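J.: Mind folding the following:
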Amino acid sequence: MESYISLFRANPAETFAYLFIAVFIATIGLSIISFFNDYKSKKNTLNKMQAFNRSLKDLVEEFRSIELLFNEQKKAIDENRFHLNRIEQEISRLADSLNNEANITKAINLAKEGLDVDEISNRTGIPTEEVEPIVKYHGVSFNTKN
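T.: Residues are numbered from 1 along each chain as shown. Sure thing, here's the model as predicted:
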């Protein structure tokens, strides 16, 4: 403790000035170190944010490419749905045609048995306008002429 007191006894104003200058320089040095550490921290944070930004842009590009793939798949599915509908229509048309051919064959057989136009139309569901030529050419009266 006496050493401190002896510092101020010889020339107190000069000692106080040196002490003040030392504290001032230490404060400036600590401030510079603090600013430097703050700069490094902010620069590190900025680098991380830029890396996140690049990652985010990459993700956006990936999502866009996935969206394009989904759009292509949607188009392919729509085309397949269109083809499937056309196939279903064709199957339905063929089934109707087959059913109609079976009815015509049945109408011819009924005409050969001698049934009249109305009975054949009722049994087969074929309109009478279509049954009349069948009866005319395949009926009992036509077969007896030959």
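J.: tell me which element L59 is part of?
T.: L59 is part of helix 12-113, with elements assigned from DSSP states H and E.
J.: what's that helix packed up against?
T.: Counting contacts by 3 or more Cβ pairs under 8 Å, 6 or more residues apart in numbering; DSSP states H and E, the secondary-structure elements packed against helix 12-113 are helix 2-10, helix 117-124, helix 128-138, helix 140-145. (C-beta placed from N, C-alpha, C; glycine too.)
J.: which residues are contacting the longest one?
T.: Helix 128-138 is contacted from outside by I104, A107, I108, A111, K112, D116, V117, D118, I120, S121, T124, F142, using Cβ atoms under 8 Å, 6 or more residues apart in numbering.
J.: how close does S34 get to K40?
T.: 11 Å (Cβ to Cβ, to the nearest Å).
J.: so what sits against both of the two?
T.: In terms of Cβ under 8 Å, 6+ apart, S34 and K40 are not both contacted by any residue.
J.: which residue is nearest the centroid of the protein?
T.: Relative to the mean C-alpha position of the chain, the nearest C-alpha, by Cα atoms, centre = their mean, is the one of F70, at 4.5 Å.
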